[in-house]
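Q: 3D, please:
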Amino acid sequence: MKLLDIIPKGISDEDMEQLIKDWNLSDLLQQECYRNAVPKQYRMLFDASAVIIPLLKQKTDILHPENISHLNGFASIWCSIENIFLSATAEGYGCNLRVPLGNEEEYARKVLGFPEDYFMPCFIGIGKPHKDIVPVKQKEINIKERIHWDTF
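A: A predicted model of the protein is given here:
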């Protein structure tokens, strides 16, 4: 699939360590999660039954909005992406997501031909999950410590 040609097929240990440093990933469990997921992104997209490219018609610069309301479209597209994930998962599919890095969005724009005033927040892969995949360990949290009533 030409759309995925720009996505790296792997990542060196050195590049992974630099990514962890650049993204300020100090939590060891979070670092482990990224070390597991990032190298798999290309394969998961390439093996997906469908690759979805959500698009948002951009009316303002999301990095320099005049006010918070100018980010409503950006918030809405991410809510839509979450709904895609929830719907696909409810039907027994697995999903993965890749936020475009470098010139991946411009490459996708050229391949797919979407207009300049549209923003592509991510690539979404949807397919049947492999049966032998071990779930990534999640951070344990105490929900009662996270909910605040009346005050923070």
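Q: tell me the strands in this structure, going along the chain?
A: 50-52, 56-57, 94-98, 118-119, 123-127 (DSSP state E).
Q: so which of the ones you listed gets nearest Asn72?
A: Ranking these by their distance to Asn72 (criterion: Cβ to Cβ) puts strand 56-57 first, at 10.5 Å. (C-beta placed from N, C-alpha, C; glycine too.)
Q: any idea of the mean pLDDT for the closest one?
A: Averaging pLDDT along strand 56-57 gives 93.
Q: Give the partner strands of it in its sheet and their orientations.
A: Partners of strand 56-57 in the sheet, by DSSP bridges, are strand 118-119 (antiparallel).
Q: quick one: contacts for Glu116?
A: Contact analysis of Glu116 by Cβ atoms under 8 Å, 6 or more residues apart in numbering lists Arg109.
Q: Can you read off the pLDDT for it?
A: 93.
Q: ranges for the helices of the protein?
A: With DSSP state H, the ranges of helices along the chain come out as 13-22, 28-37, 41-47, 72-90, 104-112, 143-146.
Q: now these in a markdown table, with mean neighbour count, distance to Pro65 and mean pLDDT?
A: Shown next, in a markdown table, are the helices of the chain (neighbours: other Cβ atoms under 10 Å; distance: least, Cβ to Cβ, whole Å; pLDDT from 0 to 100):
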| stretch | mean neighbour count | distance to Pro65 | mean pLDDT |
| --- | --- | --- | --- |
| helix 13-22 | 12 | 24 | 92 |
| helix 28-37 | 14 | 28 | 90 |
| helix 41-47 | 17 | 29 | 90 |
| helix 72-90 | 13 | 9 | 96 |
| helix 104-112 | 17 | 19 | 97 |
| helix 143-146 | 6 | 29 | 91 |
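Q: Next, format those as TSV and append distance to Ile53.
A: Shown next, in TSV, are the helices of the chain (distance: least, Cβ to Cβ, whole Å):
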stretch	distance to Ile53
helix 13-22	23
helix 28-37	20
helix 41-47	11
helix 72-90	11
helix 104-112	6
helix 143-146	34
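Q: for those helices, which one sits closest to Gly127?
A: helix 41-47 (6.2 Å).
Q: Run the chain-centre distance for the closest one.
A: Per Cα atoms, centre = their mean, to the nearest Å, the displacement of helix 41-47 from the mean C-alpha position of its chain is 13 Å.
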